[in-house]
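1. sharing a model prediction with you, sequence too.
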Amino acid sequence: MLDVIIRGGTVVDGSGGEPRHADVGIRDGRIVAIGSVEEGGVDEEARQTIDATGKIVAPGFVDVHTHYDAQAFWDGTLSPSPYHGVTSVVGGNCGFSIAPLSPEAGPYLMKMLSRVEGMPLEALEAGVPWNWQSFGEYLDQLEGTLAVNAGFMVGHSAIRRTVMGERAVGHEATDDELAQMVELLRASMAEGGLGFSSTISSTHNDLDGKPVPSRHASKDEMLTLARQARDFEGTTIEFLPGVGWGEEEANYMADISLAANRPVNWNVMAANSANSASTESQLAATDIARARGAEVIALTVPQPMTLRINLDSGFIFDALHNWAPFFQLSKAEKLAILDDPAQRAQMAEDAQNPESPMRGIARWEHFTIDQIKNESLATYRGRRIGEIAEEEDKAPFDVMIDIAVADDLQTYFMMPSMGDDDETWRIRGELWHDDRTLIGASDAGAHLDMIDTFAFSTVVLGEGVRERELISMEEAIRQLTDLPAKHYGLRERGRLEEGFHADVVVFDADTVGLGETYTRYDLPAGAGRLYADASGIDHVFANGVEIIRDGEDTGARPGVVLRSGRDTATVEVPGGREA
């Protein structure tokens, strides 16, 4: 007898092939039968029958760029991902894993994550035990607790802080420290880490406003650590080159790929019709790498990005020219600077520095007041700074600063939505078909007060496939399933195929999409996060067990903690064998 049969749906199997009208049979966590309805379908009885008539039956979606490392301890569903059809995730990206761990490193990493990844510090303190040391001990604690499959990269900043302590920020490693990092990384991958992740991005700073540990590494350290991945089956590399980068950074990523004998996926490529030349330049990183026998793949965010930022945490703002030191100050010191007309004017001038790759964000008149803590300022909520500036006869920058100061720097400013015009959507559609990209960059589990890209899968299916017809249903599903699974070498996942793990999503092509984004106060210590429900997702199965039914958690936790080698196979690059 089958455990589950999904009857009468339109099977889109992830291969990119034509849809077919078929039943899907599941037993012991595997797909054991796919039968054409026209030929009688699957005639075996089942304990559970799902009527999928008129619905799409597809592999569960794969999200390779999340930050669920901490959330996994207080939310075994890893929401909202499974509600949007995701059944496999990868965490530990950008060098920001929370294992391995030393007693001294834990408090630092907790505070670093609160700043660089927008996770409320009170939630990290209340919701995570921080009681492991090795990477394997961390993974062991998650076994049997998750609804979806989850694997984790080994983060450079975690390794650096664990080995070097306070020296991890501001210093290059000694030979002895590098040797210890190599040993710790190798142990972590042997225990199941999916590979090595790191960042050199100028937007990545710790709670004190200083560059995160990995940004202090020499190129030799970076390549030495990346090289360790080649010795462990099923490992890969994830990397952030930063903003405004060019050919030098493209070759740097190719060097990393060759050292590791693994593909490198980098984050993030965001389509923008106002700067299409940058997109072409960044795509060329793959061409440069392939000419050298390496592989470098862009992770592209498939939807407009709406950012909410403030002058307290400073994330994004700290990438403006000469602004980073400001965010190393105490709040009282920040307020004093902003109250000083001369220093305020200097900040305004620095933000427009023509050499700054981030100067484009400093269009203050286009910012909207999104969230206000001081209710006496509530009349500003939802209004554009430019409108307020005209009304109050002030410069837009002064309007923004005056409101922030009056709100004790707790005001959240919403930047203009990037790329919601038709031309940008057309560029996105081209990127989805380009073999130099992977769809993803959700950052799910991070930037909880800032972005809503966690719902990338339903946006692709709803707006990309149905509303804008930028991509076919079968190709969109291949992009969301088979391609990321193959990039990470996930064994027997990413397609509906007999013998594969039964990660399955059943959805309505006519209604699938993204619901309204809102703040939900369900984190430990009552902290809030941006959230969005999905529409049209009827059933989600992980390893043959239903985890989501009509938008509700079933309570089942069949997810596998994905470990390198056991659950992943090696993906090499042509030139890496000789490097």
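-> Nice, thanks for sending it over.
2. next, count neighbours for Arg520.
-> Neighbour count of Arg520, defined by other Cβ atoms under 10 Å: 15. (Each C-beta comes from the backbone N, C-alpha and C, glycine too.)
3. also Met164?
-> 22.
4. for the stretch 101-250 of the chain, what spans make up the helices?
-> Secondary structure of the stretch 101-250 of the chain (DSSP state H, counting those that start in this stretch): helices at 105-116, 121-127, 135-142, 156-164, 175-190, 219-227, 247-260.
5. of these, flag the one that's most buried.
-> Using mean count of other Cβ atoms under 10 Å, the stretch among these with the largest mean neighbour count is helix 156-164, at a mean of 28.
6. then that one to PDB, C-alphas only?
-> Only the C-alpha atoms of helix 156-164 are listed here, as PDB (Å, rounded to 0.1, in the frame of the first residue of the first chain):
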ATOM      1  CA  HIS A 156      34.200  32.400   7.500                       C
ATOM      2  CA  SER A 157      33.300  34.900  10.200                       C
ATOM      3  CA  ALA A 158      32.300  32.200  12.700                       C
ATOM      4  CA  ILE A 159      35.500  30.300  12.100                       C
ATOM      5  CA  ARG A 160      37.700  33.400  12.300                       C
ATOM      6  CA  ARG A 161      36.100  34.600  15.600                       C
ATOM      7  CA  THR A 162      36.300  31.200  17.200                       C
ATOM      8  CA  VAL A 163      40.000  30.800  16.400                       C
ATOM      9  CA  MET A 164      41.200  34.400  16.700                       C
END
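7. can you pull out the low-pLDDT segments for this protein?
-> The model of the chain has pLDDT under 70 over residues 579.
8. which residues does the most centrally placed residue in it contact?
-> The centroid of the chain falls nearest to Asp443 when counting by Cα atoms, centre = their mean (2.4 Å). Contacts were defined as Cβ atoms under 8 Å, 6 or more residues apart in numbering; by that measure Asp443 touches 65-67, 117, 451, 453-454.
9. partners of the longest strand anywhere in the chain in the sheet?
-> Longest strand in the chain, counting residues (DSSP state E): strand 2-11. Strand 2-11 has the following strand partners under DSSP bridges: strand 20-27 (antiparallel), strand 46-51 (parallel), strand 56-59 (parallel).
10. for the longest one, output the C-alpha coordinates as CSV.
-> Taking Å, rounded to 0.1, in the frame of the first residue of the first chain, the C-alpha atoms of strand 20-27 are listed here in CSV:
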residue,chain,number,x,y,z
ARG,A,20,1.5,15.7,-18.1
HIS,A,21,-1.7,14.6,-16.5
ALA,A,22,-0.6,11.9,-14.0
ASP,A,23,-0.9,10.4,-10.5
VAL,A,24,2.0,10.4,-8.1
GLY,A,25,2.5,7.6,-5.6
ILE,A,26,4.6,7.9,-2.5
ARG,A,27,5.9,5.3,-0.1
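11. pull the residues that contact it.
-> For strand 20-27, contacts defined as Cβ under 8 Å, 6+ apart pick out 1-11, 13, 31-38, 41-42, 44, 46, 57, 496, 502, 504, 541, 544.
12. equivalent analysis for the last one, please.
-> By Cβ under 8 Å, 6+ apart, the surrounding residues in contact with strand 56-59 are 6, 9-14, 19, 22, 24, 85, 87, 473, 477, 481-482, 493-496, 500, 503-509.
13. how far does it sit from the chain's center?
-> In this view, strand 56-59 has its centroid 23 Å away from the chain centroid, taken as Cα atoms, centre = their mean, to the nearest Å.
14. which SSE is immediately downstream of that strand?
-> Counting by DSSP states H and E, the next helix or strand C-terminal to strand 56-59 is strand 61-63.
15. the longest one now?
-> Moving toward the C-terminus from strand 20-27, the first helix or strand encountered (DSSP H and E) is strand 30-36.
16. who touches the closest residue to Asp452 other than its chain neighbours in this structure?
-> Using Cβ to Cβ, 6 or more residues apart in numbering and skipping residues adjacent in sequence, the residue nearest Asp452 is Thr517, 4.6 Å away. By Cβ under 8 Å, 6+ apart, the contact set of Thr517 is 306, 452, 530-532.
17. between the residues you listed, which is closest to Thr424?
-> Proximity of those to Thr424 was ranked by Cβ to Cβ; the top entry is Thr306 with 13.6 Å.
18. ok, so what distance separates that closest one from Ala345?
-> The gap separating Thr306 from Ala345 is 29 Å, by Cβ to Cβ, to the nearest Å.
19. neighbour count for those two, which is higher?
-> Set Thr306 next to Ala345 and count neighbours by other Cβ under 10 Å: Thr306 wins out with 19 against 13.
20. tell me the phi and psi of the nearest residue to the more buried one once chain neighbours are set aside?
-> With Cβ to Cβ, 6+ apart as the criterion, Thr306 has its nearest non-adjacent residue at 4.8 Å, and that residue is Ser417. Per-residue torsions, Ser417: phi -60, psi 130 (degrees, to the nearest 10).
21. Pro304 is in contact with Ser417, correct?
-> Yes - the criterion here is Cβ atoms under 8 Å, and Ser417 meets it with Pro304 at 4.7 Å.
22. more crowded one of the two?
-> Neighbours per residue (other Cβ under 10 Å) separate Ser417 from Pro304, with Pro304 holding more: 21 against 13.
23. now do the more buried one against Glu475, distance only.
-> Distance from Pro304 to Glu475, by Cβ to Cβ: 21 Å.
24. what's the local residue count around Asp339?
-> 12.
25. I meant to write Tyr380 there.
-> Around Tyr380 there are 18 residues (other Cβ under 10 Å).
26. ok, Asp408 next?
-> 13.
27. just to revisit the earlier point, now, which of the contacts of Asp443 sits nearest Arg563?
-> Ranked by distance to Arg563 (Cβ to Cβ), those are led by Thr66 at 16.9 Å.
28. how is this protein divided into domains?
-> Domain assignment for the chain by automatic domain parsing gives 61-306+419-527, 308-414.
29. just those domains: most buried one?
-> For the domains of the chain, the highest mean count by mean count of other Cβ under 10 Å goes to domain 61-306+419-527, at a mean of 21.
30. pull up the distance across that domain, start to finish.
-> This stretch, domain 61-306+419-527, spans 28 Å end to end (Cα to Cα, to the nearest Å).
31. can you check stretch 301-320 too?
-> One end of stretch 301-320 sits 22 Å from the other (Cα to Cα).
32. that stretch: how far from the chain's middle?
-> The mean C-alpha position of stretch 301-320 is separated from the chain mean by 15 Å, Cα atoms, centre = their mean.
33. cool, stretch 418-435 as well?
-> Per Cα atoms, centre = their mean, the displacement of stretch 418-435 from the mean C-alpha position of its chain is 19 Å.
34. got a list of contacts for it?
-> Residues outside stretch 418-435 that contact it (Cβ under 8 Å, 6+ apart) are 269-273, 276, 279, 283, 298, 300, 302-307, 437, 439, 460, 463-464, 468, 470-471, 475-476, 479.
35. sitting in helices, which of those do you find?
-> Among these, DSSP state H puts 276, 279, 283, 475-476, 479 in helices.
36. of all those, which comes closest to Trp130?
-> For these, the minimum distance to Trp130 (Cβ to Cβ) is 36.8 Å, reached by Gln479.
37. all strands for the stretch 201-350 of the chain, in order.
-> Along the stretch 201-350 of the chain, counting by DSSP state E, counting those that start in this stretch, strands occupy 236-240, 264-270, 296-301, 308-309.
38. hmm, back to that, which of the domains of the chain sits closest to Glu552?
-> domain 61-306+419-527 (8.9 Å).
39. coming back round to it: what strands line up against the host helix or strand of the residue nearest to Asp452, and which way round?
-> Using DSSP H and E, Thr517 falls within strand 513-520. Paired neighbours of strand 513-520 in the sheet (DSSP bridges): strand 529-535 (antiparallel).
40. for the contacts of Asp443, give me a markdown table that also has secondary structure.
-> As requested, the contacts of Asp443 are exported to a markdown table (DSSP: H, G, I helix; E, B strand; the rest coil):
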| residue | secondary structure |
| --- | --- |
| His65 | coil |
| Thr66 | strand |
| His67 | coil |
| Glu117 | coil |
| Ile451 | coil |
| Thr453 | helix |
| Phe454 | helix |
